[in-house]
Structure formats: structure tokens, C-alpha cells
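[1] Here you go, sequence then predicted model.
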Amino acid sequence: MKKSKHFETDAIRTQTDRSSQGEHSTPIFETSSFVFKNSEAARAAFAEEIDAHIYSRYSNPTTDEFIEKMCLLEGVEDGIATASGMSAIFLALTSHLRAGDHIVSSRSLFGSTHLIITNILSRWGITHSYVDIDDNEAWEEAIMPQTRLLFTETPSNPALDLADLEFIGKLAKENNCLFVVDNSFASPYLQNPVKFGAHLICHSSTKFIDGQGRTISGAVLGSGSVITEVRSLSRQIGPTLSPFDAWILSKSLETLAVRMDRHCANAQKVAEYLDKLEDIQSVRYPFLPSHPQQELARKQMKLGGAMISFELKGGPKRSLRFLDKLEMLSLTPNLGDTRTTITHPATTTHSKLTPEEREYVNVTESLIRVSIGLEHIDDILADFEQAIRKSR
């Protein structure tokens, strides 16, 4: 489908060709394989001389529809869907790295991504250097002759620090490196890293793309030439997204814009509320005036996002008391849901990091991460208010 002028139209009107049944909503192609008209068609398909579906581990019409939408929304040529966000990260990294290569990455990372870089890639002779996400000079100084790839997630999980995408994109170009961005927190509605020079964009579509906590899924998106290597590896090791989950995600994209508008509006109000309270030690939200990178956030992002991190006065014990006093908000490590979710990263999502590693990425023992949902803002604020009061 040709790209339209508007995000919402691409997300809603992109779909597979209608069958002879004339269906309005795309069906689910829940099949493991596909039939060829004759032996020559089968040969040509396997030889990649013709574009045809062979096996759903390779491609599927329902999965293709989801990826076509994602590519239009991110402004890229091609992509693949994966069975989880972490399989998307793994494919994006390993498909273009060999023994002896070097990665430069922001140290502000999701816990599992950190473990892939430090514990898994290191087994294969792939080295890394961590830099502070907001230190452009450190990014530049970390480049070595063997550096092959630059990686960041922005805003970061859970501290909500930002990487300067334009600077890193130019740095990658100057040094002939791939630039890979985890765009899960922002979604394609708020941020398009390809505009700043990113070659590969990863998503945990489990989060805001699905938006209702129903699937585990991911996507890797980029230019056709860069995705070729990712697709080749994916076909062999098989982290394939099911057609059913792809159908859910494709339908979810139809409401991404309206959901993100509400997520961000609610989050802005919660952040402003927390920022004024005497009980709060600190609060992080990209569009909050107190955020040290607010100007950069407004340059790169359409809105401030749904994620907030904050600390209560009183230390870790009070943080845990606060969580236990919540009545409506969901205590769960997932995010991007219609329902507001909240967690304590030091004991959940980042618990596998050492205390020193958590300190490097601003994950204090008191830090709380919240994903603001779509409930009425008055009810969200009321639950915050009563839990803060009872935790004193």
C-alpha cells in the first residue's frame, strides 16, 4: 500500500488483499505451510526467484500485514515480526555481528538487553563499551577500529534518560557503524529513529503496539539491505510470531494514535501532580520542565510518553509500602497496557543486575516505574494520593 499523509490512515487502512469472500476485516491465515500450483512454482519460491509464501516460519500474510503497517508508521522499507521483544533485540544484534566485533551501547538498558550484551555476546568474542546515554563525547571516544554497532534505547528503561539520536546517527555514519534503537517506550507514533539516522529499529510490541497486555511479540524494522541479514537468521532459528498474535497486533495498530494521545495526556498530569508533592524526592518525565533533557525530548518526540519514574522520600521501605497500599493500579512488570501498571525495578525488571550496575543506570533501591494507562485521570490520581498518604 502507498503511504498516506497521515499516521492514523496508514494504521487503519493497510491490509492484505481481500479474498473472494469480500471480507472487510482481514482474516487470520492460521496455516503452517502454503500450496504451490506446480513443481516449478515450488522450485522458484525456494530459489527466491519469485515472491511467495512457503512456510509460516518464513512468512505469512497476516504477519506481513502487521509488518507492512509497522514499516509505514516507522518510515522504513522492510521488517520482520518476532515472538518477543527480546528476540527482536537478539536478532538485530547478532545478525550483523561477528567474533572480534565491538559494540558501543548506552548503559541505561532493560535488564535482559544488558544480559545479552554482557553474558551472551561476550561468549562469542563480541566486546562492548558502555557509555552514559546523554554523554555525546563519551559515545565518540568509545569508538574503536573494530566497532561495528551502536545501540541505545530511548527513553531508557526505567530512568527515562534520553539519547541524542541525531548525534549518534551522524556518529554511526562517520564511522561506518550500524545504529540500532529500541523504540519500545515511544512507539512509532511518538518517535521515528530512522529520521535521525538509525538503521534498525526494535520494538517489544508486547507493550504499546498491542496496548492491552494480550501478546508477547516483537519487531525489527529497517532498510531492505539491512533487514536481509536479520531475516536470514530469523528463518533459520525460528523466533516466529504466530499469525493469531500478528492479527491482534495489526488490529491494535488501528487505535495506537488515539491510545497514545490519552496515555500521554494522563501521564503529563500525573507527572505534574507528583512534581509538586512534598512526599516526592524526584520525578522523571521527558516533557516535565524539571527533566534535564526536556529540550531534546521535545525535539525527538511528539509527546512525552506514558512512562514516569519517581522516588518517594523515606527510602526503599517507603517505596514498597506505597506499592502495597495501591488499590487500583496493577503491580506488574509489564507496561504499555490500557491499565496503569507499576513496579519496583530494583527487585523485578533489573534485579539480575548487580547493585553497582543498577547504580550506573540510575536504578536506585527507591525507584518506582509507572506506565500510565487509559483510566479516568481522576481515578489514577486518587489511587496515587491515598497510597502516598498511607505509606507515610
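    All right, it came through fine. Residues are numbered from 1 along each chain as shown.
[2] Please identify the buried residues of the lowest-mean-pLDDT helix or strand in the chain?
    Least confident element among the helices and strands of the chain, by mean pLDDT, DSSP states H and E: helix 355-360 (a mean of 80). Going by neighbour count (16 or more other CB atoms under 10 Å), the buried part of helix 355-360 is 357-358, 360. Backbone N, C-alpha and C define where each C-beta goes, glycine included.
[3] just stretch 340-349 next, same as before
    Buried, per 16+ other CB under 10 Å, within stretch 340-349: 340-346, 349.
[4] The residues you listed in strands, which ones?
    341-343 (DSSP state E).
[5] could those residues be laid out in TSV, adding distance to residue 19?
    Below are these laid out as TSV (distance: CB to CB, whole Å):
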residue	distance to residue 19
341	38
342	44
343	43
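[6] Please tabulate those in a markdown table and include distance to residue 270 and pLDDT as additional columns.
    Below are these laid out as a markdown table (distance: CB to CB, whole Å; pLDDT from 0 to 100):
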| residue | distance to residue 270 | pLDDT |
| --- | --- | --- |
| 341 | 13 | 98 |
| 342 | 11 | 97 |
| 343 | 16 | 96 |
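[7] Show me the shaky parts of the chain.
    1-2 (pLDDT under 70).
[8] Could you list the domains of it?
    7-253, 257-390 (automatic domain parsing).
[9] Contact partners for residue 152?
    105-106, 133, 163, 168, 180-182 (CB atoms under 8 Å, 6 or more residues apart in numbering).
[10] so where do the strands sit in the stretch 201-350 of the chain?
    218-222, 280-284, 307-312, 330-331, 341-343 (DSSP state E, counting those that start in this stretch).
[11] Name every strand pairing with the first one and say which way it goes.
    Taking DSSP bridges as the criterion, strand 218-222 pairs within the sheet with strand 78-82 (antiparallel), strand 200-203 (antiparallel).
[12] Check the shortest one too.
    When sheet partners are counted by DSSP bridges, strand 330-331 sits next to strand 341-343 (parallel).
[13] likewise the second one?
    Based on DSSP bridges, the pairing partners of strand 280-284 within the sheet are strand 307-312 (antiparallel).
[14] hmm, who's touching the partner strand?
    155, 157-160, 185, 267, 270-271, 274, 279-285, 318-319, 322, 335, 364, 366-372, 388, 391.
[15] and residue 129, bridged to which residues?
    residue 104.
[16] Hmm, it is touching residue 107, no?
    No - the pair residue 129 and residue 107 does not pass the contact test of CB atoms under 8 Å, sitting 9.4 Å apart.
[17] for stretch 61-80, which positions count as buried?
    For stretch 61-80, by 16+ other CB under 10 Å, it's 61-74, 76, 78-80.
[18] swap that for stretch 90-103, sorry
    So for stretch 90-103, counting by 16+ other CB under 10 Å, buried means 90-97, 101-103.
[19] From those residues, pick the one nearest residue 305.
    Closest approach to residue 305 among the buried residues of stretch 90-103 (CB to CB): residue 92, at 21.6 Å.
[20] and the angle from the helix or strand in which the closest one is found to strand 218-222?
    Using DSSP states H and E, residue 92 sits within helix 85-94. Per axes from the mean of the first three to the mean of the last three CA atoms, to 10 degrees, the angle that helix 85-94 makes with strand 218-222 is 30 degrees.
[21] what does helix 85-94 rub up against?
    Contacts for helix 85-94 (CB under 8 Å, 6+ apart): 80, 82, 103, 112-113, 116-117, 121, 149, 151, 180, 182, 184, 200, 202-207, 216-220, 230, 233-234, 239.
[22] how far is that helix from where the chain is centred?
    Counting by CA atoms, centre = their mean, to the nearest Å, helix 85-94 is centred 11 Å from the centre of its parent chain.
[23] What of stretch 194-211?
    On CA atoms, centre = their mean, the centre of stretch 194-211 falls 5 Å from that of its chain.
[24] again, but for stretch 154-161
    With CA atoms, centre = their mean, you get 11 Å for stretch 154-161.
[25] for stretch 305-315, same thing?
    That offset, for stretch 305-315, works out to 20 Å (CA atoms, centre = their mean).
[26] cool, stretch 253-264 as well?
    Distance, centroid of stretch 253-264 to centroid of chain: 15 Å (CA atoms, centre = their mean).
[27] now the strands: where do they sit in the stretch 51-200 of the chain?
    Using DSSP E, counting those that start in this stretch, strands in the stretch 51-200 of the chain cover 78-82, 102-106, 127-131, 147-153, 178-182, 200-203.
[28] and the angle for the longest one with helix 85-94?
    In terms of direction (the same axes, to 10 degrees), strand 147-153 departs from helix 85-94 by 160 degrees.
[29] So for strand 147-153, what gets flagged as buried?
    Of the residues in strand 147-153, those buried (16+ other CB under 10 Å) are 147-153.
[30] mind listing what it pairs with, with the direction of each?
    When DSSP bridges is applied, strand 147-153 pairs with strand 102-106 (parallel), strand 178-182 (parallel).
[31] For those, state which one has the densest average packing.
    strand 178-182 (a mean of 26; mean count of other CB atoms under 10 Å).
[32] gap between that strand and the chain center?
    Worked out by CA atoms, centre = their mean, strand 178-182 lies 12 Å from the chain centre.
[33] can you list contacts of it?
    89, 92-93, 96, 110, 113, 148-154, 163, 165, 168-169, 172, 193, 197-204, 226.
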